[in-house]
Structure formats: structure tokens, C-alpha cells
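>>> Sharing a model prediction with you, sequence too.
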Amino acid sequence: MTEPLLEARGIERSFGQVQALRGADFTVYRGEIVALIGDNGAGKSTLVKILSGADQPNAGQILVEGDPVRLDSPHAARDLGIETVYQDLALASDLDPAANLFLGREVFRRGLLGRLGFLDKRAMARDTTSEMERLGVHLKDAAAPVAALSGGQRQSVAVARAAMWARRVIFMDEPTAALGVVQTQQVLELIRRVRDAGIAVVLISHNMPQVLEIADRVEVLRLGARVARFEAADATVEDLVAAMTSGTAEERAA
């Protein structure tokens, strides 16, 4: 397999006397969906926070395309093309999809009006429409505030925002946890389109059947360390559960 797009080596993180990560490793490659799974307390959230710049490790190394990097803030991660879709989506519910896609990255009008703080709403709406079309997202009302959209469409807006700015990796935390069957399938298809566009997707999920349905690979954390890796096509739910609970499953990685 080619060089990892993003790699963590020997990551350690302690909070007082609690050691959340004990030399954790993780790898994700370009153009794949890799699921990061583990029981509660396994260290998934801590590792994702470190890899997205929201927390810093006590020890270990992070590499992007083979080069060591320091992700000392979410801004530093975003500068390297790493975006995160959190479980609460972090959308501004009273703003429309275009305003949400450009939140914190607003486009200003040219000339004096721009210097006075006037936004180029037409350009942002145009680019948002283009991004939605690229990802196959169809909104019932593109001008409506996000609060008026369905749960699946809100999730689609959050994923589209990440995909618009990500160049390398998107972390997605339980992206279908609050969705119905139809909306879940729509979001899963959207995740596949993001992968097919060349962006790696890291999926954090407790839904083992769904993990095997959508992921290319699975990495398992237990007690703060990676204990198993699987090619999803060769694994079963029983394999994943065994690795999560005992850490003794056989690795099946390429």
C-alpha cells in the first residue's frame, strides 16, 4: 500500500492519573473510508481531537504524507486540509446553507464595499450550489435556514462544508446516529462520493453493520491503543466485537 495520507505513531495522552491513549497508532490512506471503532473509553474521541488539532498529545508523532507535523490548533489542521464533522454538526441554525458553508471563511465584495464589510452573497450562493451539485446533494429549499431542513439534509450541509474545504481528510463522528433509514442511506452515499472525490474519510461509529457496509478498512482501539486492523470485506461483526472487547483478534490488514 502507498504511503499513509495521515498517520499517528505512539500517541500518548493523559488527563491527571487517567491515561486515555497508551501509544496509539492510526493510519488513513488517500481515497479510502476507514472506520475507527472501540468501546466507550477506548480513546477514540481523544485520538480524533488530537488528529484534528483540538488537543495535543503528551508524546508521539503525527505525519502528513510522511512529513512530521504539529497540529497545535484546529486552524493548523484545516491549513493542512483536515476537516471534522462533529456529532452536533456545529451549524448556525438561523443561517442558510451557503452562509454555513462559508462560516468563518466569508467572501467579501470587491473594492470599497468589501473593505466596509459587505459580503458577496451571490458568489457564496453560486459556489455552494456548485458544491452541492458535485456531491449530489439536493436541498428542498437552498435559501431556507438550516433549522428548517430535515436531519438528513442538515447532516448533508455539514458534510458538504467539510468536503468543500478539505484537501486530505474528513473526520466524521457518528454521522448517522440520529437519522432514519432513508436519510441514513442518503448520508452514506454522500460519504462514498466524498471518498470517490479523493478525500479520505475517517468514520467514528458504534454501528458495526454500518461500518462493514461503508468502510474500506477498520482500525480498532482498546484501552488507548490500536489492537487490530481489518479489511472490511474480510471481517464480520463478530470479529470487530471480539477485537473491541478482548483485543486478541487476528489483524487482517493489507
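Yep, it's here.

>>> ok, now which ones touch Asn175?
Actually, residue 175 is Pro. It isn't Asn. Val85, Gln155, Val159, Val187, Ile191, Leu203, Ser205 (Cβ atoms under 8 Å, 6 or more residues apart in numbering). The way it works is simple: take the backbone N, C-alpha and C, and place the C-beta from them, glycine included.

>>> Recalculate using a threshold of 6 Å.
Applying Cβ atoms under 6 Å, 6 or more residues apart in numbering, we find Pro175 in contact with Val187.

>>> Can you give me the distance of the most centrally placed residue in the chain to Arg161?
Centroid-nearest residue in the chain, with Cα atoms, centre = their mean: Phe171, separated by 1.4 Å. Using Cβ to Cβ, to the nearest Å, Phe171 is found at 13 Å from Arg161.

>>> Next: Tyr29.
As for Tyr29, its distance to Arg161 is 23 Å (criterion: Cβ to Cβ).

>>> Which one's more surrounded, these two?
Counting neighbours by other Cβ atoms under 10 Å for Tyr29 and for Arg161 shows that Arg161 has the greater number, 24 against 17.

>>> Quick check on the nearest residue to that one once chain neighbours are set aside: phi, psi?
Once flanking residues are discounted, Arg161 sits nearest to Leu101: 4.7 Å by Cβ to Cβ, 6 or more residues apart in numbering. With angles defined as degrees, to the nearest 10, Leu101 sits at phi -60, psi -30.

>>> same deal with the one 3 residues further on?
When read as degrees, to the nearest 10, the backbone of Gly104 gives phi 80, psi 0.

>>> Domain parsing of the chain, as residue ranges.
As given by automatic domain parsing, the domain ranges for the chain are 1-81+166-254, 93-165.

>>> Thr184: which element?
Using DSSP states H and E, Thr184 sits within helix 181-196.

>>> and that helix, what other elements does it pack with?
Counting contacts by 3 or more Cβ pairs under 6 Å, 6 or more residues apart in numbering; DSSP states H and E, helix 181-196 packs against helix 151-165, strand 200-204.

>>> just these: most buried one?
strand 200-204 (a mean of 24; mean count of other Cβ atoms under 10 Å).

>>> hang on, the earlier thing: mean pLDDT lowest where, among the helices and strands packed on helix 181-196?
Here the helices and strands packed on helix 181-196 differ in mean pLDDT, and the lowest is helix 151-165 at a mean of 90.

>>> tell me the angle of that helix relative to strand 200-204?
Inter-element angle recorded for helix 151-165 and strand 200-204: 140 degrees (by axes from the mean of the first three to the mean of the last three Cα atoms, to 10 degrees).

>>> outside of helix 151-165, which residues touch it?
Helix 151-165 is contacted by residues 83, 85, 89, 91, 97, 100-101, 131, 135, 137, 139, 146, 170, 178-179, 183, 186-187, 190, 194 when judged by Cβ under 6 Å, 6+ apart.

>>> Give the buried subset of those as a PyMOL selection command.
Listed next is the PyMOL selection for buried residues among these, using 16 or more other Cβ atoms under 10 Å:
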select buried, resi 83+85+89+91+97+100+101+131+135+137+139+146+170+179+183+186+187+190+194
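
>>> Okay, and which of the contacts of helix 151-165 map to helices?
Judged by DSSP state H, those include Pro97, Asn100, Leu101, Glu131, Leu135, Gln183, Gln186, Val187, Leu190, Val194 as members of helices.

>>> quick one: the nearest residue to Asp25 once chain neighbours are set aside from Arg9, how far?
In this structure, Asp25 finds its nearest non-sequential neighbour in Arg226, 4.7 Å apart by Cβ to Cβ, 6+ apart. Remark: distance between Arg226 and Arg9 (Cβ to Cβ) = 10 Å.

>>> hey, what's in contact with both of those two?
With Cβ under 6 Å, 6+ apart, Arg226 and Arg9 have common neighbours Asp25.

>>> Alright, that wraps it up for me.
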